[in-house]
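Colleague: Next comes the sequence, and after it the predicted model I'd like to discuss.
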Amino acid sequence: MTPRERTVHARNVVRKRIAMARGGYDRVFGIGATKTGTSSFGVAMERLGFRLLGWDAPLAEQYQRGELTRVLEAADEYDAFEDMPWGAGDLYVLLAERFPKARFVLTVRDSASWSKSHERHYSPGSPIPERFWIRDYADRREALVAEYEQRNAAIRELFADQPQRFLTIDVCGGEGWEKLCPFLGLRIPDAPFPVVNITPTPKAEPPASLDR
């Protein structure tokens with residue numbers, strides 16, 4: 001960081017701490033599925049002064065094996081989270097119970113767009129580690145979309161009577177600071193909302209959309 005960047009970051013950390021104290025929350029879990037703009041959300045949280053833990057392959061694998069000790073230890077060490085394992089399965093249920101002061105952000109995107117991006121990301125031949133490939137993706141495409149939609153619905157239902165703890169945001173559809181900052185009790189930055197991992201778009205389709 002440059003001296004100016006360090007000064008800005010320190011100021012944002014102070015503002016974050018004040019907002020968290022006033023709002024009565026102690027951490028923010030991004031619980032959206034992979035390929036819903038989670039990387040952009042993560043960069044946004046860092047710019048707001050949060051200490052972020054993003055995609056973590058060892059933790060994701062431990063979660064998949066049902067080994068939660070280290071996952072929960074990691075949740076104690078940071079104040080913002082995105083991608084896996086935080087956006088996997090029903091981990092959000094345990095997190096909501098274990099961290100009653102936490103807030104939760106569900107990043108979403110329309111199912112058709114999500115399916116295309118998710119398939120590119122997890123199909124054999126993608127640049128992610130081979131152990132994460134979904135080798136029968138073509139056969140499971142419809143089931144994966146249904147699982148994505150059902151999980152989002154279940155999350156909304158869990159937090160239906162806790163609106164102060166929960167935000168849904170469509171980063172891929174263009175939502176950003178104007179939704180996130182009021183939810184966190186923070187001022188809207190002068191800089192544009194971060195946009196990372198842009199998916200190349202075929203000519204006949206809508207404008208480029210966000211990846212992870």
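Modeller: Alright, I've got the coordinates.

Colleague: how about stretch 128-144: buried residues?
Modeller: Residues 134, 137, 144 are the ones in stretch 128-144 that count as buried (16 or more other CB atoms under 10 Å). Where C-beta positions appear, they are placed from N, C-alpha and C, glycine not excepted.

Colleague: Quick one: end-to-end length of that stretch, please.
Modeller: End-to-end distance for stretch 128-144, by CA to CA, to the nearest Å: 18 Å.

Colleague: So for it, mean pLDDT?
Modeller: Stretch 128-144 carries an average pLDDT of 89.

Colleague: before we move on, what SS does residue 74 have?
Modeller: helix (DSSP: H, G, I helix; E, B strand; the rest coil).

Colleague: what's the least confident helix or strand in the chain, going by average pLDDT?
Modeller: Here the helix or strand of the chain ranked lowest by mean pLDDT, DSSP states H and E is strand 209-210, holding a mean of 39.

Colleague: what sits against residue 58?
Modeller: Taking CB atoms under 8 Å, 6 or more residues apart in numbering, we find residue 58 in contact with residue 70.

Colleague: distance of it from residue 70?
Modeller: Computed as CB to CB, to the nearest Å, the residue 58 to residue 70 distance reads 8 Å.

Colleague: picking up where we left off before, ok, so of the buried residues of stretch 128-144, who is nearest residue 50?
Modeller: Nearest to residue 50 among the buried residues of stretch 128-144: residue 144, at 30.1 Å, using CB to CB.

Colleague: State the distance from that closest one to residue 116.
Modeller: When residue 144 is compared with residue 116 (using CB to CB), they lie 12 Å apart.
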